[in-house]
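> whatever this is, show me its structure:
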Amino acid sequence: MSEGTLEYLVSKAGEVWNKLPHGGCVSPEEAKSSVQSYTDETIANTAGFNAFNEAFLKQDIDAIMANMTDDPVFEAPFFQPNGICFKGVLLVRLAWELTFKVGITFEVQESFSTGDRGVVRWNASAQVDGKKQTLSGCDVFYLKGGKVAAKLTYSKTDNFFGVKIPA
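Numbers count the residues shown, from 1 in each chain. Here you go, the predicted model:
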């Protein structure tokens, strides 16, 4: 296998990938989705998902937390490759407080939920050194009992509003 060939590059990428810590905040067991019809829980999950997102856009932390389970998870996109995980009411609440304190605002591009999952595609904006900067991303939600159990955030950059995030 010659250096620079596609086969060589794929081989090297595979070696690097295998050395990365995988798994994230949500275990494989928790990530298994159950296919659901429109049951009472599905309807409650959709209502809770919509209420969470409405509160998030208003930056109403009390309402956000009221629409999360008692054991919430938030996986933030920074600190690549796997982000940073906040677990529990106190840490998740702190993450929201920090997010809104720095002046980040969000605009939803599209949003949907079905069964025990939800997705939001968004744009975020913030002022950095007097200039407006934007960032695009999406959230994958795990819904349970009419509330948000986990919010896993993914963004299109490892450069978060002008601050280079170390790998």
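
> longest helix of the chain?
helix 40-58 (DSSP state H).

> for this protein, what helix or strand is lowest in average pLDDT?
Taking mean pLDDT, DSSP states H and E as the measure, the chain has strand 163-164 as its least confident helix or strand, at a mean of 48.

> picking that back up, same for the longest helix of the chain, what does it pack against?
Identification of packing neighbours for helix 40-58 by 3 or more Cβ pairs under 8 Å, 6 or more residues apart in numbering; DSSP states H and E yields helix 61-66, strand 105-114, strand 117-128, strand 131-144, strand 147-155. C-beta: built from backbone N, CA, C; applies to glycine.

> among these, which is nearest Val92?
Among the helices and strands packed on helix 40-58, helix 61-66 comes nearest to Val92, with 7.5 Å by Cβ to Cβ.

> what residues sit buried inside the helix or strand just after that closest one?
Once the chain leaves helix 61-66, the next helix or strand it forms, by DSSP states H and E, is strand 68-76. Neighbour counts over strand 68-76 (16 or more other Cβ atoms under 10 Å) mark 68-69, 72-76 as buried.

> just stretch 40-55 next, same as before
41-42, 45-46, 48-49, 51-53, 55.

> averaged pLDDT, that stretch. What do you get?
For stretch 40-55, mean pLDDT is 93.

> in CSV, list the C-alpha atoms belonging to it.
C-alpha atoms of stretch 40-55 as CSV (Å, rounded to 0.1, in the frame of the first residue of the first chain):
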residue,chain,number,x,y,z
ASP,A,40,-50.7,8.9,24.6
GLU,A,41,-47.0,9.0,25.3
THR,A,42,-46.1,10.0,21.8
ILE,A,43,-48.6,12.8,21.9
ALA,A,44,-47.2,13.9,25.3
ASN,A,45,-43.6,13.6,24.0
THR,A,46,-44.5,15.9,21.1
ALA,A,47,-46.1,18.5,23.4
GLY,A,48,-43.1,18.4,25.8
PHE,A,49,-40.7,18.7,22.9
ASN,A,50,-42.6,21.7,21.5
ALA,A,51,-42.8,23.4,25.0
PHE,A,52,-39.1,22.8,25.6
ASN,A,53,-38.2,24.4,22.2
GLU,A,54,-40.5,27.4,22.8
ALA,A,55,-38.9,28.0,26.2
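
> hang on, isn't Asn53 packed against Glu110?
No. If you go by Cβ atoms under 8 Å, Asn53 and Glu110 don't touch, sitting 11.3 Å apart.

> which residues are in contact with each of these two?
With contacts taken as Cβ atoms under 8 Å, 6 or more residues apart in numbering, Asn53 and Glu110 have Val120 as neighbours in common.
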